[in-house]
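[1] starting from these lines, generate the structure:
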Amino acid sequence: MMSRRVFVAALLAAVMLAASAPAAPGGLEVVGSAWVLAPAVSETPEGMVGVTSNISVIVTKGWGDVYVSTFSLTEKDFQGAAATAARVAARLAGVNFSRYNFYFEVRGGAVIVGGPSAGVAMTVAAYAALTGREINRSVAVTGMVAPDGSVGPVGGIYEKAWAASRAGVKLFLVPPGQSVVVEYRRVARRAGPFVFYQVVPVKVNLSRYAPEHWGLHVVEVATVRDAVRYMTGAEVPGPRPREPVLGPEARERVSTVRGLLERRAMGEVEAAASRLGSARLPAVLRARLGGLLQGYGYSELDRAAGLPPYSVARLYAAERALATARWVSLLLDYYGGGNLSSRLTSLLSRWNATAAALEKTGARGLLDAETQVIAADALVQAARELEKARDAWSSDPEESLRHLAIASVLVDEADSWAGLLGGGSPRARDEATVYLIAARSTWPYVGTVAQETGVGGGGLLDEAEAYYALAARLYARGYYLLSAAAASRSLALSQAAMDLVQLALSGQPVYLEYSLRLALSACGPEAVASVYFYNLSQLYTGYGDKLVLYKLASQAGELSSALAGVAGNMSAAPQAPPGEEAPKTPGVEAQGLREYLERALKLLEEKGYLQLALPALVLLAVLLAVARLASRRKTAVSEGAGGGGG
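    Below is the predicted model of the structure:
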């Protein structure tokens, strides 16, 4: 009888022969594969117990699709978690996500596998498949992956740690603040001849408990980069914070836009005050409108007068003063019977004209791309404000007119930024596709996580959904730059909502700190949009407001870099030149195949099919050899037909 070692060697040789054959025309080119152990929890009649699942991934050249095949049931958030993991892994590997497909497979002891807790593990596996890095099997991880690469909290840490130790894991990585867990234990209490049992919560510090009882070390990790370092040994460069200071040319652009808006604000505040003085209104209404002009018109302009001409705070003050003047003017029309329809028609006409002009612009460098992004974002916000104005009209006309005033100022601002752009070739369509797909998978994923954990996103998810829907409509109309900007804003809002969920569950400030580092890494001398959003964050004190603006700053930097065709500051250096596969670690694939074949052989022996496998192996080898020769002959004929007379 053939020995197992000889059989495995022969079967491995046949598989290697298949792998060496060229891909069939129209087939998928495999870039790499990897698998990772993922601790999970399973519900039993006795309660929750720890189990382990195996998550494998194959990466091929493709177009940015993510597929999931499971041999356990999965929660509805699993697809979103897989898509997020693939995107984060591609960014860490320094490759373009939209040029690859990811095929995940999950097998495990858990009846139902949830997506969030496996997010970091899937990211590490995808990164290993893209780069050829070998995964250290003595290390395992649990944690939710956020779109920005931070690690979020999950449940069942105690049970997962126990299961990991049973599987031979020596180092278990957990989210921030979750090395101390609450374990519910059954305690006996005697009362005379009676024994009473009750379940009591007990705090367990796994950093001390696990090494002593299970031989397992527990370490907290805040980012996927940390997990990648522990599990693969790869040192992935992190965000490189920069000073949020603009260079001379960028400052000049800010000063130009600020000057235009400030002059309009001065004129329109005076005009609104003059109209108010002559208007026939009830005293209470007159006083209220006068208070608006004084508190948010004149006072904003006075406050801004002492700031540098290129100051973002001064630009923001001009925006607020101008919006206030226009709101008061619209209210005077409303209460005085003015023609609001003509003003709305004029605004829509200006929006369409600015959008069409901006869509034709291209970026000659990063400064132009940043200018495109801040202009497009202003137009996108204007469109959203118009939607809010429409929705509020029937219930609150004054609030509706406030949104209309804000929209008109945003259109003016977008037009001012667009006027600073020159030539260049538009290249926003591909980026709009990428960002639209990312937004489509991100906000539902975050929404599901928020729903399952019982932690709301502070209204951010509703806005994220609205901006995604707007991005889809803009894309359908051919406004690709605006679509990319709207999808980018949807992503920023979703990520901020995810951070709020993580904060509520863990109580750790690490997420705000990480978001700040990402925002600063997007800044630089030409980063008009990123510096604008970062500086706006300094005007707010609320955690949620700061988070949103940090995310907007980092997203603006990524989108601007893509439009300019340069590497983003938050991404790792490319692992391989464009069009080439990432380097592979020798022996990793062969080792993985050998482990797989050993398991397959054991199953064949148990079923009594080992003798039948030998003829099948011989037939497989013959067919592979024939296919390989035919493929080589076809390639040679093709090259001969294409060769010219050299």
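
[2] pLDDT on the helix or strand containing residue 403, on average?
    For residue 403, the host element (DSSP states H and E) is helix 397-418. Here helix 397-418 scores 96 as its mean pLDDT.

[3] report the distance from the helix or strand that that helix is followed by to the chain centre.
    Later in the chain than helix 397-418, the nearest helix or strand by DSSP H and E is helix 428-453. Relative to its chain's centre, helix 428-453 lies at 7 Å (Cα atoms, centre = their mean, to the nearest Å).

[4] show me where pLDDT drops low in the stretch 201-350 of the chain?
    Along the stretch 201-350 of the chain, segments meeting pLDDT under 70 are nowhere present.

[5] domain ranges for the chain, per the record?
    Residue ranges for the domains of the chain, per automatic domain parsing: 29-232, 248-564.

[6] could you dump the ones you listed into CSV and include distance to residue 241 and mean neighbour count?
    Where you see a C-beta, it was placed from the backbone N, CA and C, and this is true even at glycine. Listed next are those as CSV, based on distance: least, Cβ to Cβ, whole Å; neighbours: other Cβ atoms under 10 Å:
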stretch, distance to residue 241, mean neighbour count
domain 29-232, 14, 20
domain 248-564, 4, 20
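
[7] can I get those in a markdown table including distance to residue 240?
    Formatted as a markdown table, those follow (distance: least, Cβ to Cβ, whole Å):
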| stretch | distance to residue 240 |
| --- | --- |
| domain 29-232 | 13 |
| domain 248-564 | 5 |
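
[8] residues in contact with the closest residue to residue 312 other than its chain neighbours?
    Distance criterion Cβ to Cβ, 6 or more residues apart in numbering; nearest residue to residue 312, sequence neighbours excluded, is residue 535 at 3.8 Å. Contact analysis of residue 535 by Cβ atoms under 8 Å, 6 or more residues apart in numbering lists 244, 311-313.

[9] tell me how far the helix holding residue 403 lies from the chain's centre.
    For helix 397-418, the distance to the chain centre is 29 Å (Cα atoms, centre = their mean).

[10] what packs against it?
    helix 248-278, helix 312-336, helix 340-359, helix 366-392 (3 or more Cβ pairs under 8 Å, 6 or more residues apart in numbering; DSSP states H and E).

[11] got the angle between the shortest one and helix 366-392?
    With axes from the mean of the first three to the mean of the last three Cα atoms, to 10 degrees as the criterion, the two stretches helix 340-359 and helix 366-392 enclose an angle of 150 degrees.

[12] which residues touch helix 340-359?
    Against helix 340-359 from outside (Cβ under 8 Å, 6+ apart): 330, 333-334, 372, 375-376, 379, 382-383, 386, 401, 404, 407-408, 411, 414-415, 418, 421, 426, 428, 478-482.

[13] mind listing the helices for the stretch 51-200 of the chain?
    Here the stretch 51-200 of the chain has its helices, by DSSP state H, counting those that start in this stretch, at 78-93, 119-131, 157-166.

[14] the helices and strands packed on helix 397-418: which one's closest to residue 201?
    helix 366-392 (45.2 Å; Cβ to Cβ).

[15] helices and strands around that closest one, which ones?
    Short answer (3+ Cβ pairs under 8 Å, 6+ apart): helix 366-392 packs on helix 248-278, helix 340-359, helix 397-418, helix 460-476, helix 480-506, helix 528-537, helix 543-564.

[16] redo those as a markdown table? Include distance to residue 432.
    Output for those, formatted as a markdown table (distance: least, Cβ to Cβ, whole Å):
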| stretch | distance to residue 432 |
| --- | --- |
| helix 248-278 | 24 |
| helix 340-359 | 11 |
| helix 397-418 | 17 |
| helix 460-476 | 6 |
| helix 480-506 | 4 |
| helix 528-537 | 17 |
| helix 543-564 | 10 |
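
[17] as JSON lines, the helices of the stretch 51-200 of the chain with distance to residue 507 would be great.
    Output for these, formatted as JSON lines (distance: least, Cβ to Cβ, whole Å):
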{"stretch": "helix 78-93", "distance to residue 507": "23"}
{"stretch": "helix 119-131", "distance to residue 507": "20"}
{"stretch": "helix 157-166", "distance to residue 507": "15"}
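
[18] could you list the low-confidence segments of this protein?
    Ranges of the chain meeting pLDDT under 70: 1-27, 44-47, 71-77, 109-115, 184, 423-425, 452-453, 456-458, 566-646.

[19] against residue 97, how distant is the residue nearest the centre of the chain?
    The residue lying closest to the centre of the chain (Cα atoms, centre = their mean) is residue 147, at 2.8 Å. To residue 97, residue 147 is 12 Å away according to Cβ to Cβ, to the nearest Å.

[20] do I have it right that residue 268 meets residue 322?
    Yes: between residue 268 and residue 322 there is a contact under Cβ atoms under 8 Å: 6.2 Å.

[21] returning to what we had before: tell me which of the helices and strands packed on helix 366-392 sits nearest to residue 35.
    helix 480-506 (26.6 Å).

[22] give the next helix or strand downstream of that closest one.
    helix 510-521.

[23] just the CA trace of that next one, in PDB.
    What follows is helix 510-521, C-alpha atoms only, in PDB (Å, rounded to 0.1, in the frame of the first residue of the first chain):
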ATOM      1  CA  VAL A 510      -7.900  56.100  21.400                       C
ATOM      2  CA  TYR A 511     -10.300  56.500  18.500                       C
ATOM      3  CA  LEU A 512     -10.400  60.300  18.700                       C
ATOM      4  CA  GLU A 513      -6.600  60.300  18.900                       C
ATOM      5  CA  TYR A 514      -6.200  58.000  15.900                       C
ATOM      6  CA  SER A 515      -8.700  60.000  13.900                       C
ATOM      7  CA  LEU A 516      -6.700  63.200  14.700                       C
ATOM      8  CA  ARG A 517      -3.400  61.500  13.500                       C
ATOM      9  CA  LEU A 518      -5.200  60.500  10.300                       C
ATOM     10  CA  ALA A 519      -6.500  64.100   9.800                       C
ATOM     11  CA  LEU A 520      -3.000  65.600  10.400                       C
ATOM     12  CA  SER A 521      -1.400  63.100   8.000                       C
END
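
[24] show me the contacts for the closest residue to residue 399 other than its chain neighbours.
    Computed as Cβ to Cβ, 6+ apart, the closest residue to residue 399 that is not its neighbour in sequence is residue 392, at 4.7 Å. Shown in contact with residue 392 (Cβ under 8 Å, 6+ apart): 399-400, 403.

[25] wait, which of the helices of the stretch 51-200 of the chain is closest to residue 193?
    Of the helices of the stretch 51-200 of the chain, nearest to residue 193 by Cβ to Cβ is helix 157-166, at 34.0 Å.

[26] packing partners of the closest one?
    strand 30-44, strand 47-61, strand 171-174, strand 180-191, helix 206-214.

[27] tell me what the second one is packed against?
    Contacting strand 47-61 under the criterion 3+ Cβ pairs under 8 Å, 6+ apart are the following elements: strand 30-44, strand 100-108, helix 119-131, helix 157-166.

[28] closest to residue 360 out of these?
    strand 100-108 (31.4 Å).

[29] and the closest one, what other elements does it pack with?
    Under the contact criterion of 3+ Cβ pairs under 8 Å, 6+ apart, strand 100-108 touches strand 30-44, strand 47-61, strand 66-70, helix 78-93, helix 119-131.

[30] got the angle for it vs helix 119-131?
    Using the same axes, to 10 degrees, strand 100-108 lies at 130 degrees relative to helix 119-131.

[31] give me the distance from strand 100-108 to the chain's centre.
    For strand 100-108, the distance to the chain centre is 19 Å (Cα atoms, centre = their mean).

[32] hang on, the earlier thing: to residue 531, which of the helices and strands packed on strand 100-108 lies closest?
    Taking these one by one with Cβ to Cβ, helix 78-93 is closest: 21.9 Å.

[33] list phi and psi for the residue nearest to the centre of the chain.
    Backbone dihedrals for residue 147, given as degrees, to the nearest 10, come out at phi -60, psi -20.

[34] for residue 66, list the residues it contacts.
    By Cβ under 8 Å, 6+ apart, the contact list for residue 66 reads 79, 82-83, 86, 101-102, 104, 441.

[35] tell me the bridge partners for it.
    With DSSP bridges applied, residue 66 shows beta-bridge pairing to residue 102.
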